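# Here's my sequence, what's the structure:
(chains A and B)
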Amino acid sequence: MINDRLRMWTVIWMAAVSSAFGLVYSQLLVKVLASITSQFMLSQTVTLACYIASMGLGSYLGDRVREAKVARRLPQIQLYSSAVGLTMVLFAYVLYMFLKFYFVEISDPREREWLRSLAWMMVTLAQPAALITGFLSGLELNLLLRIGKRLAPETGYSKVLAGSYAGTVAATLIFIWVMPQFTPMATGLGLAAANLLFSLYLAWTFLDGERELTVHCAWAAGVSVLIALLCGYLPFLSQMHYKSRELQGVQLQALKDFVPFVTEVLPQRPEMFRHSTPYQNADIMFGADGGFRFLLDYHPQIEYVWNAEYHEAFVHAPIQYSREIPREVLVLGGGDGGTAAELLKYKEAVDHIDLVELDPWMIHFAKTAPLFLDFNHGAFNDSKVRIFNQDAITYLRTTDKKYDAVYVDFPFPFETELVKLFSVEFYKMTAKALKPGGQLVVDAPAGCAKTDPLEGNSGTWRTSVMLSLRVAGFKTVFPFCSVNGFVMARLDERPPAEGYHDYGIPLQLMNAAFLENIITWKRGPEKRWRGKINSMFKPLSPLRPRHF
Amino acid sequence: MRALYAFVIVLVSFSCMVYELTLAQTSSLLLGNALVNYSVTICIYLAGLGVGSLLFMRYNSESAGPLLLNTEIVLSYLGPLAPILALLVEFSLRQVVMPGSLAYFFVLQSTMYVLVALVGILSGLELPIMISLGETRFRMQSGAVLGLDYLGTLVAIAAFPTVGLGMLGLFGTAALAGVGSWGGAVMTWLALPPAQRHRWQLVLLAPSLALVMAMLAFGPELREFMSQSIYLAGDK
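Residues are numbered from 1 along each chain as shown, chains lettered A, B, ... in the order given. As a prediction, the model looks like this:
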């Protein structure tokens, strides 16, 4: 017979574990939905809203559980929770495949509202998992509070709540350090298995009758068989999901085609490579023609068909406009090595390049993967390139170096975290890192006024970067456009040079005609720049993605 | 009175969640590496909630009402001012220590974490107080109090990125939450029996109202000043 003190500790421990499971499940769902829709804010807000609202409902309805049944409900709740964890990711993947296949893939950017609706549909339809886990967590916390109150009338609530908060701390740590090491599918299965073991422990502790215990064990055996089965198909299921992302323009004739498509057509497609780091998901997808696409968090970064067009416009056009080859260069982002490789083509003229990249894996990959070495020519192994694995803001705030040119090569601000890297404050920091007469070049959602791939973002982001650069003190600001938009900015007033100058370096596309073609500032006069300025202290909403 | 108390619970939990989110945002602005700093801030806040819950064990249900009132008074100052304090500390630190040095990050991180922990502990104290008050004075069961608490959190999470940061900015959002704490404090004062409330508590609440109103009224000016003269000033 255990005493009340020991029982109290057991209840506190249970509160911690059950809160941890609930929070990790909800965050896992956020991670999966954010990776599918590329809309973290939407996924986080809707999922947490559903999770917390249903927690409230669970807590509220928990008062209706009769006192005699309070302890007996606990193992059942954990068993249900395990079943939800088991199916959560799989359900989201199948739902995505279904939406992707059943609705026509939208390739026309003018149909952005429709894309947005699909993202909303995806996030909303996946919420039963958050609703059930939230409800179960709230219900369980209520029951544990009641047991705690019974065991220690004065201090029970405080202790159980403290245990619950300790569990959420543990969940946050798991979320930061453990979850990025595994695929969402593997995480879901691992959590479901742990949850199942916990439910068995609770059954052993709280269920008195032999029949009740047997029934619980039978259900647990069923769930564990499902876990084992899904574990066997883990790599296959993950690959199926990655492959389904790359399908474009698929339209099914009837619902019955869905199953053959998933079981027969999809497995025929080439394998895909994924690496998850604490900062991002990196995907390499191979096409049937042997080409590849490199994506970070599902946003295309490099595509073999436009790689040269992108990097040559980004690096060489500003040099053409200023007629100055920068000696000392700072590259912020650009972990693929393409920007550094283009700069190194100027050989002796470039003295050194400092490259600041947050994700060490990205540098390692660019240094060693043959796919990347093909286009970056081992730029990161060049003695002129110095690499800083650091946050760009921290680097800018702490460096006292001045550069002839700063190239800002970040992914577009599709995530809240990236929005601050396109703000007035950030541009002011870069301005301080420039020598007099130096220039800033930004890869930004701006500049492509006529064939704007970002049409539908209400014009806010199209002009925000230019306006923010102006406010940051750049007197010369002009956009240009090739694969996507770029903006060049200088602190002094100096109009861009006309015509093309041949520096005698090997270039694939850059010539007079190409340069003339990417000039857009003449087409979009500055007086038409209207919109909001992006500030770290009052950020704009993230850019809406173009794909689903 | 019961409805008023239910509203206080929602208001109080809304404010606490917004304080936590504004501090996480400030932390990622000052310390960079948003992923880690955002998560560490949340961790410390949650741990603070746990410590706050445990602290309530030192009090009995009789003292729950005045304790909630005093906690709200402290939060109505600390919450809105916390992001400003953090920026000011960072600015002062840059005058004496080399930015980017170990000492710089140690002091700055410690300051951030102390602020987050303080807000967390005070917020953590609130929930057991509210459950206790609900049961003893307002005939409200623990489940109902928890449900209302989650409702406030839900509103905060939904409103922070859109109405908060997007429309009011960082300091305006912190001020809005300050209005919530202030409102919670005033309503608690009104709900308490005369023997448990004092005039000096109302006197203390007057400057906090002036503070948050000023922060809301002069939002753009404050943002400009904090951005130019504090956050960016003196960068190399």
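# buried stuff in the helix or strand hosting A:S54?
Using DSSP states H and E, A:S54 falls within helix A:40-62. Neighbour-count burial for helix A:40-62, counted by 16 or more other Cβ atoms under 10 Å in any protein chain shown, picks out A:40-60, A:62. Placement of C-beta: from N, CA and C, glycine included.
# before we move on, what about stretch A:382-401?
Those would be A:382, A:384-385, A:387-388, A:390-399, for stretch A:382-401 by 16+ other Cβ under 10 Å.
# what angle do the helix or strand containing A:L99 and helix A:40-62 make?
Applying DSSP H and E as the criterion places A:L99 in helix A:70-102. Angle of helix A:70-102 versus helix A:40-62, following axes from the mean of the first three to the mean of the last three Cα atoms, to 10 degrees, is 150 degrees.
# so, in contact with chain B or not, helix A:70-102?
No. Counting by Cβ under 8 Å from any Cβ of the partner chain, chain B is not contacted by helix A:70-102; separation bottoms out at 12.0 Å.
# For that helix, give the mean pLDDT please.
Helix A:70-102 shows a mean pLDDT of 87.
# so how far is it from its chain's centroid?
Centroid separation for helix A:70-102 versus its chain: 22 Å, with Cα atoms, centre = their mean, to the nearest Å.
# From the contact counts, what lies against it?
helix A:4-37, helix A:112-125, helix A:128-151, helix A:184-206, helix A:210-232, helix A:234-246, helix A:258-260 (3 or more Cβ pairs under 8 Å, 6 or more residues apart in numbering or on different chains; DSSP states H and E).
# tell me which residues in the fifth one are buried?
To tie it back to what came earlier, the one meant is helix A:210-232. Applying 16+ other Cβ under 10 Å to helix A:210-232 flags A:213, A:216, A:219-220, A:223-224, A:226-227, A:230 as buried.
# Kindly reformat the helices and strands packed on helix A:70-102 as a markdown table containing distance to chain B.
Shown next, in a markdown table, are the helices and strands packed on helix A:70-102 (distance: least, Cβ to the nearest Cβ, whole Å):
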| stretch | distance to chain B |
| --- | --- |
| helix A:4-37 | 9 |
| helix A:112-125 | 14 |
| helix A:128-151 | 5 |
| helix A:184-206 | 16 |
| helix A:210-232 | 25 |
| helix A:234-246 | 23 |
| helix A:258-260 | 34 |
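# B:L118 touches B:G48, doesn't it?
Yes. The pair B:L118 and B:G48 qualifies as a contact (Cβ atoms under 8 Å) at a distance of 7.3 Å.
# okay, the angle between the lengthiest helix in chain B and helix A:128-151?
In chain B, assigned by DSSP state H, the helix with the most residues is helix B:102-137. Helix B:102-137 runs at 70 degrees relative to helix A:128-151, counting by the same axes, to 10 degrees.
# okay, and for chain A, where does confidence drop off?
Flagging of chain A using pLDDT under 70 yields the residue ranges A:1-2, A:101-116, A:246-256, A:288-290, A:447-459, A:520-530, A:546-548.
# Identify the residue spatially nearest to the closest residue to chain B within it, adjacent ones excluded.
Going by Cβ to the nearest Cβ, chain B is nearest to A:T398 of chain A, at 3.0 Å. Of all residues not flanking A:T398 in the chain, B:G100 sits nearest, at 3.0 Å (Cβ to Cβ, 6 or more residues apart in numbering or on different chains).
# ok, that neighbour - contacts?
A:394, A:397-399 (Cβ atoms under 8 Å, 6 or more residues apart in numbering or on different chains).
# Distance to B:A6 and secondary structure added to these, as CSV?
Output for those, formatted as CSV (distance: Cβ to Cβ, whole Å; DSSP: H, G, I helix; E, B strand; the rest coil):
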residue, distance to B:A6, secondary structure
A:T394, 45, helix
A:R397, 45, helix
A:T398, 49, helix
A:T399, 53, coil
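# Pick out the most distant pair among these.
A:T394 and A:T399 (9.3 Å; Cβ to Cβ).
# residue boundaries of the helices in chain B?
B:2-31, B:34-55, B:64-96, B:102-137, B:142-159, B:169-191, B:199-217, B:219-225.
# Distance from the fourth one to the middle of the chain?
Its chain's C-alpha centre and that of helix B:102-137 lie 8 Å apart, by Cα atoms, centre = their mean.
# Could you pull up the residues touching B:T188?
Counting by Cβ under 8 Å, 6+ apart, B:T188 has contacts B:8, B:65, B:68-69, B:72.
# which one of these is nearest chain A?
Using Cβ to the nearest Cβ, the contacts of B:T188 come closest to chain A at B:L68, 14.2 Å.
# Tell me how far the closest residue to A:L57 other than its chain neighbours lies from A:K367.
Among residues not flanking A:L57 along the chain, A:F135 sits closest, at 6.0 Å (Cβ to Cβ, 6+ apart). Separation of A:F135 from A:K367 (Cβ to Cβ, to the nearest Å): 49 Å.
# If you count surrounding residues, which of the two has more?
When neighbours are counted by other Cβ atoms under 10 Å in any protein chain shown, A:F135 and A:K367 differ, and A:F135 comes out ahead with 26 against 16.
# show me the contacts for that one.
Going by Cβ under 8 Å, 6+ apart, the list of residues near A:F135 reads A:54-55, A:57-58.
# give me that answer again for 6 Å
By Cβ atoms under 6 Å, 6 or more residues apart in numbering or on different chains, the residues touching A:F135 are A:54, A:57-58.
# likewise B:M130?
B:9, B:145 are the contacts of B:M130 under Cβ under 6 Å, 6+ apart.
# do A:D257 as well
A:D257 makes contact with no residue, according to Cβ under 6 Å, 6+ apart.
# Which of the helices and strands packed on helix A:70-102 sits closest to B:S132?
helix A:128-151 (10.3 Å).
# Could you point out the helix or strand that follows that closest one?
Criterion used, DSSP H and E; the element after helix A:128-151 is helix A:156-173.
# burial of the nearest residue to A:A16 once chain neighbours are set aside, as a residue count?
Leaving aside its sequence neighbours, A:A16 sits nearest to A:G167 (Cβ to Cβ, 6+ apart; 3.5 Å). Applying other Cβ under 10 Å, we find 27 residues neighbouring A:G167.
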